[in-house]
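> my questions are about this predicted structure, shown below with the sequence.
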Number of protein chains: 2
Amino acid sequence: MAVYTQVDDAELIAFLATYDLGDLLSCKGIAEGVENSNYYLHTSAGSFILTLYERRVAETDLPFFLGLMEHLATRGVTCPQPVRNRAGEALGRLAGRPAVIVTFLDGYSVHHPEPLHCAALGDALARLHLASADFPLSRANALSVGAWRPLFAPAAARADEVEVGLRDTVEAELDFLERNWPRDLRSGVIHADLFPDNAFFLGDRMSGVIDFYFACNDAYAYDLAICLNAWCFDDEHRFEMEKGAALLSAYQRVRPLSAGELDAFPTLARGAAIRFLLTRYVDWLNVPAGALVKPKDPREYLAKLRFHQTAGAFL
Amino acid sequence: MAVYTQVDDAELIAFLATYDLGDLLSCKGIAEGVENSNYYLHTSAGSFILTLYERRVAETDLPFFLGLMEHLATRGVTCPQPVRNRAGEALGRLAGRPAVIVTFLDGYSVHHPEPLHCAALGDALARLHLASADFPLSRANALSVGAWRPLFAPAAARADEVEVGLRDTVEAELDFLERNWPRDLRSGVIHADLFPDNAFFLGDRMSGVIDFYFACNDAYAYDLAICLNAWCFDDEHRFEMEKGAALLSAYQRVRPLSAGELDAFPTLARGAAIRFLLTRYVDWLNVPAGALVKPKDPREYLAKLRFHQTAGAFL
């Protein structure tokens, strides 16, 4: 659920008057995205999504995110397009927040991806990597290997409340990853959060990608490892070989992995597991007792980390 | 915020296949209604609202609510219309819940109603009362005068945590209302929860009424008193005469109040204040400490009750 900021109708009408989008017909808060407030917006010009950026998104990063969505669309990647107001600006202000209107994208998230969905994802991810190669802006990955220990250290003391031994497991894994993290892989703009929630399908066809607010510059193969972890395990967190193979082979049909990327992949997959294990753990720590929002379970990513620690090369 | 039940895409597609609504294009949880889970639903046949009924709504009441919406539409009251599936049923089951698809209604809620909005509401409320007069089903008001003491008694001990003296105030008011509650007023189906959230506007024109899940049989003038409390006070809970006059005179242009209704109105307004004071107080008690959902402040309705206790007849 993500509607943190309420929008007053009179303010919204004044905001909309700066666009060529006709009259306000409807505006409803929607449960999409976790970092920002999102609204389904219906005007006499059509359907849109209104996003208000909350404090976890740095305002200085917005030109990167919005520019990326525009760049990708010109290269054939279907994603929401920022709508510019009459002054030519994509970014405005509403209810005291940076605000943007983007086009509405049909499609729905698949709750239980099948191999055919994983193949569609692999194809789309590779095309996204190729399409972003000439995007002129860049943004460092604030959640890469160098960020993990500073994220975990202040929270380490309570780790064994999640599972006995978690603190030792994480610290040993961080030692391994800091020593072995691959540095020379082909890099560029990655989505970095392409979970099933952020991929839209219409039937068997992938219809678009949303939520670019973790996008950054990092190794392409790391993005693929994030997707493998998010799409190719079952509800009991067991790896599903058929889905993994579908994802990786579809990706490679568009952008073949180099020998170096293949060698590094098991390490990247461990890193992709610990990155979500750590942010979920920190979110879990910070949820007040009795809160109505249920945090995602960090143990899901502990199970995935353990799989990658014991699996050999599987490519 | 109200998305209590998550809907799986495959289950939704199977559910939709029982309707003549074409293919699923999009489905997003929306922050509308407080008792049920609601989704914006886009299919190749258009836009709809999908509602899953949660446990606070009794399944046996659903034919009343759905039938009322259909009845009102045939009498010219704009409200969401249940869509029937191929078997002719409005009520189905999805994700283990009773579920219904209703038509999507354009319009938006007015956060700070002006007198012109109050007048539009008064007109619409009177028309709703006339339109429901020949609705054949009935439903007792589970939150009328007889319900207030049983609601308050088990929670009374903590009332002074809201404000010192609240327990005595409520108990004295219940004594007054139980002795003086009017019994012979013109009655029929009332909305019973027509707050600004549940009235849609397009510009200055009221475009529809939503959320009939408190509708019941009770005195029409009590419904008007609920609206007076919800629409005609400012942000500091002070009565605004101009708005009150606009509401009441617009209502009376369509359905004039009888001498008995006018006499009873101050008492009905006190009852309408205590009804929302009590449910907000009980909700406030039951919200866990630190919860991310902010309960509505019961003191708003304490202020309104005090106004009506001291005001004379104002009609």
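Yes, it's here.
> how does chain A divide up, domain by domain?
With domains defined by automatic domain parsing, chain A comprises A:9-103, A:115-310.
> any chance of these in TSV, plus mean neighbour count, mean pLDDT and distance to residue B:27?
C-beta coordinates here come from the backbone N, C-alpha and C atoms, glycine included. Listed next are the domains of chain A as TSV, based on neighbours: other CB atoms under 10 Å in any protein chain shown; pLDDT from 0 to 100; distance: least, CB to CB, whole Å:
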stretch	mean neighbour count	mean pLDDT	distance to residue B:27
domain A:9-103	18	94	10
domain A:115-310	18	94	11
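> a markdown table for these, including distance to chain B?
Below are these laid out as a markdown table (distance: least, CB to the nearest CB, whole Å):
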| stretch | distance to chain B |
| --- | --- |
| domain A:9-103 | 4 |
| domain A:115-310 | 3 |
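> same list (those) but as CSV, adding distance to residue B:220.
Formatted as CSV, these follow (distance: least, CB to CB, whole Å):
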stretch, distance to residue B:220
domain A:9-103, 28
domain A:115-310, 36
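> out of those, which gets nearest to residue B:214?
Closest to residue B:214 of the domains of chain A, according to CB to CB: domain A:9-103, at 20.4 Å.
> can you give me the end-to-end span of that closest one?
End-to-end distance for domain A:9-103: 20 Å, by CA to CA, to the nearest Å.
> can you give me the strands in chain A?
According to DSSP state E, chain A carries its strands in the segments A:24-30, A:37-43, A:46-52, A:92-94, A:97-103, A:187-190, A:199-202, A:205-209, A:216-219.
> quick check: the nearest residue to residue A:84 once chain neighbours are set aside vs residue B:20, distance?
Spatial nearest neighbour of residue A:84, chain neighbours left out: residue A:90 (5.3 Å); criterion: CB to CB, 6 or more residues apart in numbering or on different chains. Residue A:90 is 39 Å from residue B:20, where distance means CB to CB, to the nearest Å.
> kindly report the same for residue A:310.
52 Å.
> and residue A:20, by the same measure?
Residue A:20 sits 36 Å away from residue B:20, going by CB to CB.
> how distant is stretch A:136-146 from the center of its chain?
Relative to the chain's own centre, stretch A:136-146 is displaced by 13 Å; criterion: CA atoms, centre = their mean, to the nearest Å.
> pull the residues that contact that stretch.
Contact with stretch A:136-146 is made by A:61, A:63-64, A:67-68, A:147, A:151, A:177-178, A:181, A:189-190, A:192, A:214-218, A:271, A:275, A:279, as judged by CB atoms under 8 Å, 6 or more residues apart in numbering or on different chains.
> ok, now with 10 Å
Stretch A:136-146 is touched from outside by A:58, A:60-61, A:63-65, A:67-68, A:71, A:147, A:151, A:174, A:177-178, A:180-183, A:187-190, A:192-193, A:214-219, A:222, A:267, A:271, A:274-276, A:278-279, with contacts defined as CB atoms under 10 Å, 6 or more residues apart in numbering or on different chains.
> tell me who's in contact with the residue most central in space within chain A.
Nearest residue to the geometric centre of chain A (CA atoms, centre = their mean): residue A:193, 2.0 Å. Counting by CB under 10 Å, 6+ apart, residue A:193 touches A:34-35, A:143, A:211-216, A:223, A:226-227, A:230, A:276.
> cutoff 7 Å now
Residue A:193 is in contact with A:211, A:214, counting by CB atoms under 7 Å, 6 or more residues apart in numbering or on different chains.
> ditto for the one 5 residues further on
Contacts for residue A:198 were tallied using CB under 7 Å, 6+ apart; they are A:209-211.
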